[in-house]
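Peer 1: predicted structure and sequence below. I'll ask about it afterward.
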Amino acid sequence: MNATEVELGHIPHPGIGSHTEEDEIVHHAYYQWVPFVLFFQAILFYIPHYLWRSAEGGRLKVLVSGLHTASLCLRDEKLDMGNGKSIPSKADRDEKIQIIRNAFLNRLHANRPWAYYLGFCEVLNFVNVLGQIYVTNWFLGGAFMDLGNLVTQADETDWNQKMTPLDVVFPKVTKCIFHKYGPSGGIQRHDALCIMALNIVNEKIYTFLWFWFIILAVITGLALVWRILTMILHARSIGFNRLIFSMACPGKYNPWDVLRVTHEYHFGDWLFLYYIAKNLDNYVFKELLEQLAHDMEDWRASRLKQRLPTLDEEEPLKTI
């Protein structure tokens, strides 16, 4: 583009005109690759989701299926609602809660790989967003980093002129030079104007992506901070656990049940229970939490008995 003529405003179209030796000529060749790059970036965004779905395997969905209407279980028989939906009976609800309880207890202290993989996918989301920003900036020749600032900082007079801030990055009309053979076989240089109609769409796409990447980077960064806080506080604060589980599954829970259940759990078990709460009705989860609290109390009592020696095994006291 002709920087001197753009500044003076003596040009037929933005960035087009004769140039001097001091002017920098910018070649715009990326426009033809925009659809392919956007498709490649879409695949990169889907990879963390695909990895998590492959690792998780729908375990939570299988456990909580059929319990979304469990609070309506007031009959001894299953009630068909039509459209493939039904309200389970009391016996079915109790059986399903027992299945979740057994599945959770059988995998106690074995959910670490599940939690680590979830954390890995969340970190991958954040790294992916940052990588996408730098890849897009490289693809646009270093113009993407300041694209949003050009749009937000441009005043009304800039947009009313022929040359808008986005015309520098996405020119609609460019200077083209064609070399053809003349009648005598020599090469002739033809100066022409080329219409870049796709840049009208491209400038809107990348302006949106600039703001969207910033939003995603902030959200995923805050999500990582939140995950670190849950790792630190899940076994240290009963108030934190009450708040978290009340947000995941609104309802009032016995604080002692929450304490007994969460105090001995590894972070992987706590996180798995949290996602169970997010996918269950509050009435069902409250019942599940009470049963798990009793199970943990029995487990602690049995472990305490194993540590304490019995009276028969104790050595008699020596008299002096």
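Peer 2: Arrived safely. Numbering: from 1, shown residues only.

Peer 1: which stretches of the stretch 1-150 of the chain have low pLDDT?
Peer 2: Applying pLDDT under 70 to the stretch 1-150 of the chain picks out residues 1-26, 28, 66-90.

Peer 1: show me where it has its strands.
Peer 2: 79-82, 85-87 (DSSP state E, counting those that start in this stretch).

Peer 1: walk me through the domains of this protein.
Peer 2: 3-233, 234-303 (automatic domain parsing).

Peer 1: and these, which is most packed in?
Peer 2: domain 234-303 (a mean of 17; mean count of other Cβ atoms under 10 Å). Backbone N, C-alpha and C define where each C-beta goes, glycine included.

Peer 1: pLDDT of that domain, averaged?
Peer 2: Mean pLDDT, domain 234-303: 74.

Peer 1: what's the answer for stretch 174-188, then?
Peer 2: In the prediction, stretch 174-188 has an average pLDDT of 78.

Peer 1: what's the span of it from first residue to last?
Peer 2: Across stretch 174-188, the terminal residues are separated by 20 Å (Cα to Cα, to the nearest Å).

Peer 1: and for stretch 141-148?
Peer 2: Taking Cα to Cα, the first and last residues of stretch 141-148 lie 15 Å apart.

Peer 1: for stretch 190-205, same thing?
Peer 2: 33 Å.

Peer 1: who's in contact with it?
Peer 2: For stretch 190-205, contacts defined as Cβ atoms under 8 Å, 6 or more residues apart in numbering pick out 13, 16, 28, 31, 34, 38, 166, 169-180.

Peer 1: so which of these sit within helices?
Peer 2: 34, 38, 166, 169 (DSSP state H).

Peer 1: for these, give me CSV that also has distance to residue 215.
Peer 2: Listed next are the ones in helices among the contacts of stretch 190-205 as CSV, based on distance: Cβ to Cβ, whole Å:
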residue, distance to residue 215
34, 21
38, 18
166, 20
169, 21
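
Peer 1: dump the residue contacts of the nearest residue to residue 279 once chain neighbours are set aside.
Peer 2: Using Cβ to Cβ, 6 or more residues apart in numbering and skipping residues adjacent in sequence, the residue nearest residue 279 is residue 64, 4.4 Å away. Residues in contact with residue 64, defined by Cβ under 8 Å, 6+ apart, are 100, 276, 279, 280.

Peer 1: show me which pair in those is furthest apart.
Peer 2: Of all pairs drawn from the contacts of residue 64, the greatest distance, 10.2 Å, lies between 100 and 279 (Cβ to Cβ).
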